[in-house]
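Participant: could you look at this predicted model? Sequence included:
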Amino acid sequence: MGIFLCLLPSKRYENLAKRYEKAVAKHEALTTERTGRTARDNELHLFIEALRTQPLVLDTWDERLWITLVEKGTVHTDGSIAFEFKNGTVVEVGSEK
């Protein structure tokens, strides 16, 4: 293969080398993306399995479930609280004054 490369004009060799480098970079980016998607897929499967094992009605406080579902809570000056869940749903709880 080395002899063949020596016979190629240098401009053509440079173009082929650039194409090769581009292809290698694209391959690495796609491999990284695939690895990330596979990891995310595994996490989702574990999450779904964990949900399947949970009872439909909770009779005790489950902090892990709360942390998993709630994105943030905002306490307003009137004492009410707005909970924003990770799916975008917002639930407001009024103050008990």
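Facilitator: Ah, there it is.
Participant: domain parsing of the chain, as residue ranges.
Facilitator: Taking automatic domain parsing as the domain assignment, the record places the domains of the chain at 1-53, 58-97.
Participant: can I get these in a markdown table including mean pLDDT?
Facilitator: Conversion of the domains of the chain to a markdown table gives the following (pLDDT from 0 to 100):
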| stretch | mean pLDDT |
| --- | --- |
| domain 1-53 | 86 |
| domain 58-97 | 88 |
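Participant: could you dump the ones you listed into a markdown table and include mean neighbour count?
Facilitator: Heads up, the C-betas are built off the backbone N, CA and C, glycines and all. Written out in a markdown table, the entries for the domains of the chain read as follows (neighbours: other CB atoms under 10 Å):
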| stretch | mean neighbour count |
| --- | --- |
| domain 1-53 | 10 |
| domain 58-97 | 10 |
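Participant: name the helices or strands packed onto the host helix or strand of residue 71?
Facilitator: Under DSSP states H and E, the secondary-structure element containing residue 71 is strand 70-75. With contacts defined as 3 or more CB pairs under 8 Å, 6 or more residues apart in numbering; DSSP states H and E, strand 70-75 has these neighbours: strand 81-85.
Participant: which element follows the strand it packs on toward the C-terminus?
Facilitator: Next in line after strand 81-85, if elements are assigned by DSSP H and E, sits strand 90-93.
Participant: thank you, goodbye.
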